[in-house]
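Participant: Below are the sequence and a predicted model; questions follow.
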Amino acid sequence: MDLYNVMDIAGTALSAQSVRLNTTASNMANADSISSSIDQTYKARHPVFSAIQSAMNHEYGVGGVQIKGILESSAPAKALYQPDHPQADEKGYVYQPNVNVVEEMANMISASRSYQTNVQVANTAKQLLVRTLQLGQ
């Protein structure tokens, strides 16, 4: 594997962590939203990643990260009995999203650190390329 492949792999990882940060931010932004219907209630979303397999010199190795999609959580919405709320249904319930704010914060910290790590990988590969070019001087 050459250093250019390292840059490509780090780039796919940066893209994946960016998607992860965006979906986590969306979940947190909608955590306190309320709906009068279970069907209209925001559902937490989570990206699904997979490894990209690549054939290099007839040897199979990992070639980065691929975003397979973004799944909605199947956990039920939280029903709150608030008959005086303007958005309450005929039974007096309002519904909150199935977003766990503590879990989302941990996910955001993890995604942020993974992003930072991949930036450092790309910078190290760049420095190694520059040093390699300076060997001939």
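Facilitator: Cool, the structure landed.
Participant: Low-confidence ranges, this protein, go.
Facilitator: 1, 54-62 (pLDDT under 70).
Participant: go again using 80 as the cut-off
Facilitator: Along the chain, segments meeting pLDDT under 80 span 1-4, 53-62, 136-137.
Participant: the helices in it, which residues?
Facilitator: Under the criterion DSSP state H, the chain contains helices at 3-29, 101-134.
Participant: Please tell me how far the residue nearest to the spatial centre of the chain sits from residue 3.
Facilitator: For the chain, the residue nearest the mean C-alpha position is residue 20 (1.1 Å; C-alpha atoms, centre = their mean). Separation of residue 20 from residue 3 (C-beta to C-beta, to the nearest Å) stands at 26 Å. Glycine gets a C-beta too; all of them are placed from N, C-alpha and C.
Participant: Give the full set of residues in contact with residue 51.
Facilitator: 62-66 (C-beta atoms under 8 Å, 6 or more residues apart in numbering).
Participant: Return the member of these nearest to residue 114.
Facilitator: residue 65 (10.0 Å; C-beta to C-beta).
Participant: Was I right to think the closest one contacts residue 52?
Facilitator: Yes - Residue 65 lies in contact with residue 52 (C-beta atoms under 8 Å); the separation is 6.7 Å.
Participant: Quickly list what's touching both of the two.
Facilitator: Counting by C-beta under 8 Å, 6+ apart, the shared contacts of residue 65 and residue 52 are residue 12.
Participant: Those two: which is more packed in?
Facilitator: residue 65 (22 against 14; other C-beta atoms under 10 Å).
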